[in-house]
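Return atomic coordinates for the entry below.
(chains A and B)
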Protein chains: 2
Amino acid sequence: MSATAARPPAATEVDQWLERFGAALERGDAAGAAELFAEDSYWRDLVAFTWNIKTVEGRAGITDMLEHTLARVQPHGWHATEEPTTADGVTEAWIEFETAVGRGKGHLRLIDGQAWTLLTVLDELQGHEQGLGPRRPKGVVHGADPERQTWLEDREREAEELGRTIQPYVVIVGGGQGGIALGARLRQLRVPTIIVERNPRPGDSWRNRYKSLCLHDPVWYDHLPYVKFPPNWPVFSPKDKIGDWLEMYTRVMELNYWGSTTATRARYDDGAGEWVLTVEREGEEIELRPKQLVLATGMSGRPYTPEFPGMDRFKGDQHHSSKHPGPDAYRGKRAVVVGSNNSAHDICAALWEHGADVTMVQRSSTHVVRSDTLMDIALSGLYSEQAVAAGMTTEKADLTFASLPYRIMAGLQVPVYEQIRERDADFYARLEAAGFQHDWGEDGSGLFMKYLRRASGYYIDVGASELVAGGQIKLQPGQVDHLTEDVVVMADGTELPADVVVYATGYSSMNGAVAELISQEVADRVGKVWGLGSDTTKDPGPWEGEQRNMWKPTQQEGLWFHGGNLHQSRHYSLYLALQLKARAEGIDTPVYGLQEVHHTR
Amino acid sequence: MSATAARPPAATEVDQWLERFGAALERGDAAGAAELFAEDSYWRDLVAFTWNIKTVEGRAGITDMLEHTLARVQPHGWHATEEPTTADGVTEAWIEFETAVGRGKGHLRLIDGQAWTLLTVLDELQGHEQGLGPRRPKGVVHGADPERQTWLEDREREAEELGRTIQPYVVIVGGGQGGIALGARLRQLRVPTIIVERNPRPGDSWRNRYKSLCLHDPVWYDHLPYVKFPPNWPVFSPKDKIGDWLEMYTRVMELNYWGSTTATRARYDDGAGEWVLTVEREGEEIELRPKQLVLATGMSGRPYTPEFPGMDRFKGDQHHSSKHPGPDAYRGKRAVVVGSNNSAHDICAALWEHGADVTMVQRSSTHVVRSDTLMDIALSGLYSEQAVAAGMTTEKADLTFASLPYRIMAGLQVPVYEQIRERDADFYARLEAAGFQHDWGEDGSGLFMKYLRRASGYYIDVGASELVAGGQIKLQPGQVDHLTEDVVVMADGTELPADVVVYATGYSSMNGAVAELISQEVADRVGKVWGLGSDTTKDPGPWEGEQRNMWKPTQQEGLWFHGGNLHQSRHYSLYLALQLKARAEGIDTPVYGLQEVHHTR
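Sure thing, here's the model as predicted:
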């Protein structure tokens, strides 16, 4: 496509760049294509070029990636899909392209005519499109057919056969929001899948948690694929309401969901190229043989409780936060909550509201952001009612977010949190005056980077911080030394008399789930799950550029990890599902840049 | 607002008309406002002016309506909401306005600067807006509150109290799609409501029907309020799938749905201004005292089976179509299906597919339209994937449809069916050659008018007609005279040996439901339900202009009817809900033009 004089400058700039870029790619000129990027540049690819989730950096990185992928991918047909825009010297464009096997989308940022960032994502596989919109199923096949089965008969037969006489291609272990979202994608891609979940009903992993729990992310950020929350859905969904939604979603999306089912052990049969997975389904042991095994057991699937001397002698109630029943039984009681992140704050506030005497044990500094401020400053451009009104779709918001490589994201987040610090200066002053140890992340990059790096170390304030600042929730800094029959004793000797101790001490790595389900050997081979290699607390270097092991090939054939918050479950489920679908269809999927393993847990 | 020279002619025409119209209304000049309409003109009002569903005709009708309503309604702020368009000499505009109590929307058609049609609808009541989008609930109230109840606790308490210690303002009898859609609207308007349904679970009224049943209307026509079907939803939903959707919808919309509950009797207590409604809920008799009673028992709620001599002697299976279990038990058997509308065709086709010997008894002529043709020619502009792609929203499609007064609708439908007749000429020739008695409605206005007038007399062909044309389904014209032990004997003496007889003979009027639940006296007072007074078969004159008794005040204080297909349930549920909400809030609701009763059933 040639640029014409009548087009606006941004459009012309993008058209010209895409034309030169496309031409270089078509003549197999990796270095020529890389020359179109700035020296300091990033190409993030979700599956389209690399069959991986991969960011390459600078011209050398781009050249290397293209040299390994170009001949097979055969990218072509690059074009902008809407009017490009320019602001602050950066021209941005939404683009589409095709490859030898599918259709892709992307996002481009140009500075001075050179690419600064490029995002490419595979959107669908040619010939294996999802049955959506114009491709939706007809439902009833018109005409007369003596072999006709009704929808209900088909569903019942499938439920009976799958996992019994017909093996699923994929088994997803873990039926929380992650497993459910991925299951829905795979269903739409016609990949036979079973989700196994130890709880009886979809949504139970939410229902079973402490009763005051609400989502700390707002509704616009939390949509599942395909079925959006309706316009009356609350901004912050109560846990039981999100549980109901997940249950109905599983039903109407026709997922093969095995509740009350525990995956007990798995091994990869190299010869057969498949997993031998043993599950216990309502007391019955069943052996499944899927080609692909996805662990979606969750960042919060395996509670971590520290071992303190005397825990066995303590006579009150004690439990991990994930088992906390709620405050009702503790009116007038003395509660000690060990930990100072989200769960600890929520539980302390609910206990205080129910008339308990509450002490929060802060063992290390915590990053706090007020929910309103976070929504207003950090999220409103992409995920808010205003964004919706301005025409921002969930998919576009997700791709916008995905278009920022992790290497530069932290730097872009710093000014956001500087703005937050300024707006809520009084709030932070009150909190710190009460003795609360507060931080902004080691490089000041705030909440979202902490989440991506370590998935811990923060609280999104929905009210507990004022109770901390006001002294209603007592604050006890330091480490727990031991427990007696009725006291939590701190390392400095402080005694905290307690009727109940809640260990809001977080969760273990998904790597541990691999060791438990498969073997320590496989766990060590695939290594640590989550984190970016940012060389900050709980996220050791070297830099990896993408989240470790999430949604992409691992060092173990046929083993995948899926999860994250609702936004990540929604967004990355598509790319993981496309990787699985391609394998199910026998499409060649050579992986470029398979991650190395630097840490085992 | 003054028109400026730069605006396109259509916009200027609309702006000028609205300015003159608004000025006349503001100075209380009913006749002056009516002068802005053509002699041959229609103003259809849904609740905004009339607290009724009412079409007035011509300048005299408009003047009369305005003289009775203007002082109270105080309409103002008329403006177009998007660029008006002109085609074939008709300028069309989407408009908004305000009244003393709420905000309205509408649609205007001008010919030569005069109004031909005007639609006005009340969209929301000031101060009682629904909590949608920017008004959605926050879900969790931030801060600390010792009185805090969780969402689950609130829901459980409400379920316990409503109908026991706290009386609902509205009871809806009938929990099919109609009752559910209205229940959802009332929930969003915060009107305490109980839905009572004799079946255990929402959706059972679909699940319990013959197994091959699918919706004959396409998905774009069938959305419920608030939660749209997802993009993977089939065009024609199988009955069990729509059943599941209704069940999940009831759950996530938090409706107070009493399944396994039968309304046994009701009387209006004039003194108290409320109903005394007795229901049997899982064996327990409960007395409810709602102010408003809505019958949503459905156009297909009360099966009608004719009495033929010998039915008591017949030794095979015989049942009304609503009780037909499906074809599985009838392989190799002889089936006689009495009737030739939708159910009869569906059941005949499924029986033939399962190897039964099938005869359809056609007692009167039937209108048939092929589903594909109907969708393409009659629906695609408003309800189709193409319409969605062109930016047509469900709400806008519904309002467009509503903007055509019934008086002129039949005339506008005739050319549509002429086009259908032409396209499918071969199909109709084959069908008639097989002896099928076919009609196009008495005035050639086709399927939708038949539905609005009598809700019977047609089949949307999804395959059975070719079986009729091909002789696989045998056709027997005429009336049934009597049955013997194993034969259906026709009036002309023809004998139809039968192992099973299905009476696909339709349903009784909702008026009968009033007689059963309340009294014959009240049934006679409210009169016939459904139909327009078109003076055609089963819809006697005089002309009434709107569907009798549906979604609007009746001659019985506090008694309402709701129902229709999914489109009507969705669209009219808003206007019925607003009428109920206004009464719940004590807003003055004088009804203009309360319908007279010309027929009792």
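
Low-confidence ranges, the stretch 201-350 of chain A, go.
Within the stretch 201-350 of chain A, the stretches with pLDDT under 70 are A:300.

near chain B, which residues of it show up?
Within the stretch 201-350 of chain A, the residues that sit near chain B (Cβ under 8 Å from any Cβ of the partner chain) are A:211-212, A:214-215, A:219, A:226-228, A:230-238, A:240-241, A:244-245, A:247-248, A:251-253, A:349-350. Every C-beta, even on glycine, is put in place using the N, C-alpha and C of the backbone.

one more time with 7 Å, if that's ok
Neighbours of chain B within the stretch 201-350 of chain A, by Cβ under 7 Å from any Cβ of the partner chain: A:211-212, A:214, A:226-227, A:230-238, A:240-241, A:244-245, A:248, A:251-252, A:349.

Would you mind listing what in the stretch 351-500 of chain A touches chain B?
A:352, A:353, A:355, A:371, A:385, A:462, A:463, A:466, A:467.

isn't the fifth one right up against residue B:138?
No - under the criterion of Cβ atoms under 7 Å, residue A:385 makes no contact with residue B:138, lying 11.9 Å away.

tell me what the helix or strand that contains residue A:220 is packed against?
Using DSSP states H and E, residue A:220 sits within helix A:219-222. If you count contacts as 3 or more Cβ pairs under 7 Å, 6 or more residues apart in numbering or on different chains; DSSP states H and E, helix A:219-222 packs onto helix A:566-584.

Three-state assignment for residue A:40, please.
State at residue A:40, reduced to three classes by DSSP: H, G, I helix; E, B strand; the rest coil: strand.

Now for the nearest residue to it once chain neighbours are set aside, how many residues are close by?
Closest residue to residue A:40 apart from its sequence neighbours, by Cβ to Cβ, 6 or more residues apart in numbering or on different chains: residue A:58 at 6.9 Å. Neighbour count for residue A:58, taken as other Cβ atoms under 10 Å in any protein chain shown: 16.

Would you mind measuring from residue A:58 to chain B?
Counting by Cβ to the nearest Cβ, to the nearest Å, the separation of residue A:58 from chain B is 40 Å.

Which residues of the stretch 51-200 of chain A lie near chain B?
Proximity of the stretch 51-200 of chain A to chain B (Cβ under 7 Å from any Cβ) is limited to residues A:131-134, A:136-140, A:142-146, A:148, A:150-152, A:188.

So which of those sit within helices?
A:151, A:152, A:188 (DSSP state H).

Got the phi and psi for residue A:79?
phi -160, psi 160 (degrees, to the nearest 10).

next one: the one 4 residues further on
When quoted as degrees, to the nearest 10, the phi and psi of residue A:83 stand at phi -60, psi 120.

for the one 4 residues further on, same thing?
Comment: the main-chain dihedrals of residue A:87 come out as phi -150, psi 140, following degrees, to the nearest 10.

what number of residues lie near it?
Applying other Cβ under 10 Å, we find 8 residues neighbouring residue A:87.

can you tell me which residues contact it?
Contacts for residue A:87 (Cβ atoms under 7 Å, 6 or more residues apart in numbering or on different chains) come out as none.

How about it: which residues does it bridge to?
For residue A:87, the beta-bridge partners under DSSP bridges are residue A:90.

Quick check: the gap between it and residue A:110.
Distance of residue A:87 to residue A:110, given as Cβ to Cβ, to the nearest Å: 12 Å.

how much does the longest strand anywhere in chain A deviate in direction from helix A:566-584?
For chain A, the strand with the greatest residue count under DSSP state E is strand A:114-125. Using axes from the mean of the first three to the mean of the last three Cα atoms, to 10 degrees, the direction of strand A:114-125 lies 60 degrees away from that of helix A:566-584.

What pairs with strand A:114-125, parallel or antiparallel?
Each strand paired with strand A:114-125, and its direction, by DSSP bridges: strand A:37-46 (parallel), strand A:102-111 (antiparallel).

buried residues in the last one?
The one in question is strand A:102-111. Going by neighbour count (16 or more other Cβ atoms under 10 Å in any protein chain shown), the buried part of strand A:102-111 is A:102, A:103, A:104, A:105, A:106, A:107, A:108, A:109, A:110.

Then stretch A:197-215?
A:197-199, A:201-207, A:209-215.

which residues sit against it?
Residues outside stretch A:197-215 that contact it (Cβ under 7 Å, 6+ apart) are A:174-176, A:179-180, A:222, A:236-240, A:242-244, A:246-247, A:250, A:257-262, A:321-322, A:324, A:326, A:346-347, A:350, B:139-140, B:150.

and the end-to-end length of that stretch?
For stretch A:197-215, the first-to-last residue distance is 21 Å (Cα to Cα, to the nearest Å).

Check stretch A:308-315 too.
Between the opening and closing residues of stretch A:308-315 there is a gap of 14 Å (Cα to Cα).

List of residues touching that stretch?
Residues contacting stretch A:308-315 (Cβ under 7 Å, 6+ apart): A:318, A:480, A:482, A:483, A:484, A:485, A:486, A:501.

centre of the chain versus it, how much separation?
On the basis of Cα atoms, centre = their mean, to the nearest Å, stretch A:308-315 sits 36 Å off its chain's mean C-alpha point.

Also stretch A:337-344?
On Cα atoms, centre = their mean, the centre of stretch A:337-344 falls 22 Å from that of its chain.

next one: phi and psi at the residue nearest to residue A:40?
Main-chain torsions, residue A:58, degrees, to the nearest 10: phi 70, psi 170.

Surely it touches residue A:41?
Yes - with contact defined as Cβ under 7 Å, residue A:58 counts as touching residue A:41 (6.1 Å).

which among the residues of the stretch 351-500 of chain A next to chain B end up buried?
Of these, these count as buried by 16+ other Cβ under 10 Å: A:352, A:353, A:371, A:385, A:462, A:463, A:466, A:467.

In helices, which of these appear?
Reading helices off those with DSSP H, I get A:352, A:353, A:371, A:385, A:466, A:467.
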